[in-house]
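Asks: below are the sequence and a predicted model for it; my questions follow.
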Amino acid sequence: MDFKTQIAGAQGLAGLGADALLVLVAGDAVPAGLDTPLAEVLAAAVNDGDFSFKPGQALYAHRVTGVKAARVLFVHAGDGSAKPWRKAVAQGVGQLKAGGSKTLALALVGPAALGAAHAEALVAAAEEAVYVYRSTKPSAAPAPKLRSISLVVDKTQQAALTAALKQGEALAAGVGLARELANRPGNLATPSALADEARKLGRSHGLKVEVLERKDAEKLGMGSFLSVAQGSAEPPKFIVARWLGGAKNAAPVVLVGKGITFDTGGISLKPAAEMDEMKFDMGGAASVLGTLAAVAQMKAKVNLIGIIPACENMPDGKAIKPGDVVTSMSGQTIEILNTDAEGRLILCDALTYAERFKPAVVVDIATLTGACVIALGHHRTGLFSADDALAAELLAAGEQALDPAWRMPLDEEYDEGLKSHFADMANVGSRAGGAITAAMFLKRFTGKLRWAHLDIAGTAWKSGAAKGATGRPVALLTQFVLSRAG
Ligand code: BES
Ligand code: MN
Ligand code: ZN
């Protein structure tokens, strides 16, 4: 999809030459200053009880006299701020994409003003609305005809909003990559395939990509990561990708993404229902690659390193068993009481590995616990950090990018449950507070690092009729990285 800005001429919105006109209506009255033919249609519909100024309200009109665009769609956009605007754009584009329009002009009317956040949200919503997964379903509905969207702007804002659309396109490309990779089934999106995708991204976006093999991980002493991989016929891959756009000596931001390409639970086997969704258990890894893609496309002046431990969690004659004790790269020993708590077992070695980059901050991203879904549902990502300033930065980035998180506690009392008779720690605590004990486990491997953990179990994908990956939290992470670039 192509995005641009456009200035309304003397005839205003009614004179715009697009196939369709999407009018986002802010406020609670027919906006003063709206071109007469459009204002008349809207006022008549309000009068007839067919439109009101409430969320979700829309009005379609075809070949309105005096309006050049053949199709007009009004959608209510709340107070016109970025969040309801994004929902309204998604609704409007979702409706219009089914029709014959190739070009769409989009305008905000009413008592609200456009900003950069609107431009970015527009691109995100439109790209999401037209996304069709087809890599294993070539018969999927053909891509919509819609190929160009122009945002109607004031002359004074044109340069800033054109630049914001461009940023939005880079971000949407990153979100799209994460969504696409996570949607691919486990038999295709194997650890090797993820490594290939990382290398491909490296070539197209100027990243330095390195893939450590099993023997390399053995030499490094990654006994915890390798223990999860040992039950699978797929070789593990430990992927390190770097975008070095900042000053040579500037400490990097390091992102660590959980890359379990399929999670059966291992010997602590998961129930059959919905187990297919465990192909999304590499959503953290996908979001790291997506963020690298976005940041590299923006040519951001920042050093960003992505680390992805990737493997499958399978039951097998060689698989880890409850009670097994493994030695992590940090030297700490772990009693594996539940082989389904595998995410933390691969992340702990990746966190230890991250130390060598002397990072400014480390953020890990993982579909880590069902308990986080129970705590926060599917709207907010779980954020854990002992560092107040870092937590505040991440929360703010989430709000700004409309990809919100919520802070969870990390009191030392929660560590109690990880005690083991046979190792330095167990890999699970009691069921209560499961998302927090998982984070407490990771915390034991972060030493002096400035570290935060994002549990995206509830936000990385959607279940049910609209089953599919969301590409979250690429928007949060990209915003976070950019704000650190200054
Ligand atoms: N990948 C799962 C977490 C998950 C489960 C995410 C359901 C989204 C939906 C993770 O590896 C896991 O199995 N966690 C266990 C931990 C437990 C054994 C302590 C869980 O949440 O049940
Ligand atoms: Mn698991
Ligand atoms: Zn898992």
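Replies: Looks like it came in fine. Ligands and ions are numbered 1, 2, ... in the order given.
Asks: pretty sure residue 274 sits against residue 461.
Replies: No: counting by CB atoms under 8 Å, residue 274 does not reach residue 461; the two are 11.1 Å apart. Placement of C-beta: from N, CA and C, glycine included.
Asks: compare neighbour counts for the two and give me the winner.
Replies: Per other CB atoms under 10 Å, whichever of residue 274 and residue 461 has more neighbours is residue 461, with 24 against 10.
Asks: so what's the more buried one up against?
Replies: 182, 277, 280, 283, 467, 468, 469, 470 (CB atoms under 8 Å, 6 or more residues apart in numbering).
Asks: out of these, who's the most crowded?
Replies: Neighbour max across the contacts of residue 461 (other CB under 10 Å) = residue 283, 31 neighbours.
Asks: mind checking the SS state of that one?
Replies: helix (DSSP: H, G, I helix; E, B strand; the rest coil).
Asks: which ones are touching the residue in the chain that ligand 2 sits nearest to?
Replies: At 3.9 Å from ligand 2, residue 340 is the closest residue in the chain, using CB to the ion. The contact partners of residue 340, by CB under 8 Å, 6+ apart, come to 263, 265, 266, 268, 269, 270, 313.
Asks: give me the domain ranges for this structure.
Replies: 2-153, 173-483 (automatic domain parsing).
Asks: out of those domains, deepest packed?
Replies: Highest mean neighbour count of those: domain 173-483, a mean of 21 (counted as mean count of other CB atoms under 10 Å).
Asks: for that domain, what is the average pLDDT?
Replies: In this model, domain 173-483 has an average pLDDT of 98.
Asks: again, but for stretch 75-95
Replies: On average, stretch 75-95 scores 98.
Asks: sorry, back to before: wasn't the residue of the chain closest to ligand 2 part of a strand?
Replies: No: under three-state DSSP, residue 340 sits outside any strand and is assigned coil.
Asks: any idea how far residue 464 is from it?
Replies: Residue 340 sits 23 Å away from residue 464, taking CB to CB, to the nearest Å as the criterion.
Asks: now do residue 294
Replies: 28 Å.
Asks: for the stretch 151-300 of the chain, which residue gets nearest to ligand 3?
Replies: residue 263 (3.7 Å).
Asks: near ligand 3, which residues of the stretch 251-400 of the chain show up?
Replies: Within reach of ligand 3 by CB under 5 Å from the ion, the stretch 251-400 of the chain has these residues: 260, 263, 281, 343.
Asks: among the residues you listed, which are in strands?
Replies: Of those, the ones assigned to strands by DSSP state E are 260, 263.
Asks: which stretches of the stretch 251-400 of the chain form strands?
Replies: Under the criterion DSSP state E, counting those that start in this stretch, strands of the stretch 251-400 of the chain are mapped to 253-257, 259-263, 303-313, 324-327, 333-336, 361-366, 381-384.
Asks: backbone dihedrals for the spatially closest residue to residue 57 that is not a sequence neighbour, please?
Replies: Spatial nearest neighbour of residue 57, excluding adjacent residues (CB to CB, 6 or more residues apart in numbering): residue 76 at 4.3 Å. Phi and psi for residue 76, reported as degrees, to the nearest 10, are phi -70, psi 140.
Asks: ok, residue 76 - contacts?
Replies: 24, 25, 51, 52, 53, 54, 55, 56, 57, 58, 88.
Asks: mind pulling up the pLDDT for the third one?
Replies: Which is residue 51. pLDDT, residue 51: 98.
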